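**Student:** With the sequence up front, the predicted model follows.
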Amino acid sequence: MTVQPLTIRDTVIGEGAPKVIIPLTADTETGLLEEAADVLAMEPDLIEWRADLYQQVEDLEAVNQLLQLLRDRLGRIPLLFTFRTHKEGGSREFSDRAYADLLHAVIRSGQADLIDVELFSAEEDVKAVVDAARERGVIVVMSNHDFQATPPKDEIIARLRRMQDFGAHIPKLACMPASPADVLTLLDATHTMRSQYADRPFLTMSMGGQGLISRMAGELFGSALTFAAGRTASAPGQIPAPELKQVLDILHRRR
Ligand SMILES: O=C1C[C@@](O)(C(=O)O)C[C@@H](O)[C@@H]1O
């Protein structure tokens, strides 16, 4: 299988070194705008707004306005909108309905370049969000997180392939290792996915300190994107973006 690279604004995903996504994690508008300025100075390839951390996320009007403010400041940097649900490690309980409504509102706003949709949401909602995003030219990152464990290799691949079947542009899977062997399972699944099944860029990560190598070695094993901390980390195992970029660059040049 050959991965078809994906270009969003000026960012090419799926060739060369993994592209670095830095999350915004502040909980107020002022905080987010200040954080965005700091993060932009770190020259990310993409920026993720972790909107589940925003105090006013239930107010669609406030979300819309903030999206526009962020979009204006980001210039050519693609913006990924993510609401991480509580069951997948996010910080807020939302009903299926509220989650789907929020994603549709963000798609309609036209301000997000990419939107995160969790694989294990109600199937009809996932399909409707993917259709709406595709109609509007919004890139779908379909995600799955296991903060407790690392699924078996076949299961990791099956989930990533299911995301492809749903029409996601970028499948994503994050899981937690209990041992170095679990990190190898994630890397092995990533490598098999890229060499045998992936026709589009995808990303995987093994979280926590033990999994750190998976955030660095994507160019070798097949993960096209990687998350790094800006002001703060949004998940265990993220290291500061400037450090990660150095490592990615070393691994890219030495290949
Ligand atoms: O899904 C992901 C990946 C992530 O959980 C990580 O492990 O880097 C960080 C989240 O902000 C993002 O939405």
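**Tutor:** Cool, got the structure.

**Student:** Please identify the helix or strand for Ala133.
**Tutor:** Using DSSP states H and E, Ala133 falls within helix 123-136.

**Student:** which outside residues touch the helix or strand following that helix?
**Tutor:** Heading C-terminal from helix 123-136, the first helix or strand you meet, by DSSP H and E, is strand 139-146. With contact meaning CB atoms under 8 Å, 6 or more residues apart in numbering, strand 139-146 is reached by 6, 8, 78, 80, 82, 84, 88-89, 113-120, 126, 129-130, 133-134, 159, 163, 166-176. (Each C-beta comes from the backbone N, C-alpha and C, glycine too.)

**Student:** tell me how far strand 139-146 is from the chain's mean position?
**Tutor:** 7 Å (CA atoms, centre = their mean, to the nearest Å).

**Student:** same deal with stretch 16-25?
**Tutor:** Put simply, stretch 16-25 sits 8 Å off its chain's centre (CA atoms, centre = their mean).

**Student:** Contact residues of the protein facing the ligand?
**Tutor:** 23, 48, 50, 82, 84, 116, 143, 145, 172, 174, 205, 207, 227, 234-235, 238 (CB under 6 Å from any ligand atom).

**Student:** Please pick the buried ones from the contacts of strand 139-146.
**Tutor:** By neighbour count, with 16 or more other CB atoms under 10 Å, the contacts of strand 139-146 hold 6, 8, 78, 80, 82, 84, 88-89, 113-119, 126, 129-130, 133, 159, 163, 166, 168-176 as buried.

**Student:** Kindly tell me how buried Ile77 is, as a neighbour count.
**Tutor:** 22 (other CB atoms under 10 Å).

**Student:** ditto for Ala37
**Tutor:** As a burial measure, Ala37 scores 10 neighbours (other CB under 10 Å).

**Student:** got the contact list for it?
**Tutor:** Each residue near Ala37 by CB under 8 Å, 6+ apart is listed here: Arg73.

**Student:** Alpha carbons only: can I get the strand or helix carrying it in CSV?
**Tutor:** In this structure, Ala37 sits in helix 29-41 according to DSSP H and E. What follows is helix 29-41, C-alpha atoms only, in CSV (Å, rounded to 0.1, in the frame of the first residue of the first chain):
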residue,chain,number,x,y,z
GLU,A,29,-10.5,33.0,26.0
THR,A,30,-7.7,35.2,27.2
GLY,A,31,-5.7,32.3,28.3
LEU,A,32,-6.1,30.6,25.0
LEU,A,33,-5.1,33.6,22.9
GLU,A,34,-2.0,34.1,25.1
GLU,A,35,-1.2,30.4,24.8
ALA,A,36,-1.6,30.5,21.0
ALA,A,37,0.9,33.3,20.8
ASP,A,38,3.5,31.3,22.8
VAL,A,39,2.8,28.1,20.8
LEU,A,40,3.1,29.9,17.5
ALA,A,41,6.6,31.0,18.5
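
**Student:** Tyr99 and the ligand: what is the separation?
**Tutor:** Here the distance between Tyr99 and the ligand works out to 14 Å (CB to the nearest ligand atom, to the nearest Å).

**Student:** Can you check my assumption that that residue lies in a helix?
**Tutor:** Yes. Assigned with DSSP: H, G, I helix; E, B strand; the rest coil, Tyr99 falls within a helix.

**Student:** For it, report the pLDDT, please.
**Tutor:** Per-residue pLDDT puts Tyr99 at 97.

**Student:** Touching, it and Ser121? I think so.
**Tutor:** Yes. With contact defined as CB atoms under 8 Å, Tyr99 reaches Ser121; the gap is 6.5 Å.

**Student:** what sits in contact with each of these two?
**Tutor:** Both Tyr99 and Ser121 are contacted by Thr85, under the criterion CB under 8 Å, 6+ apart.
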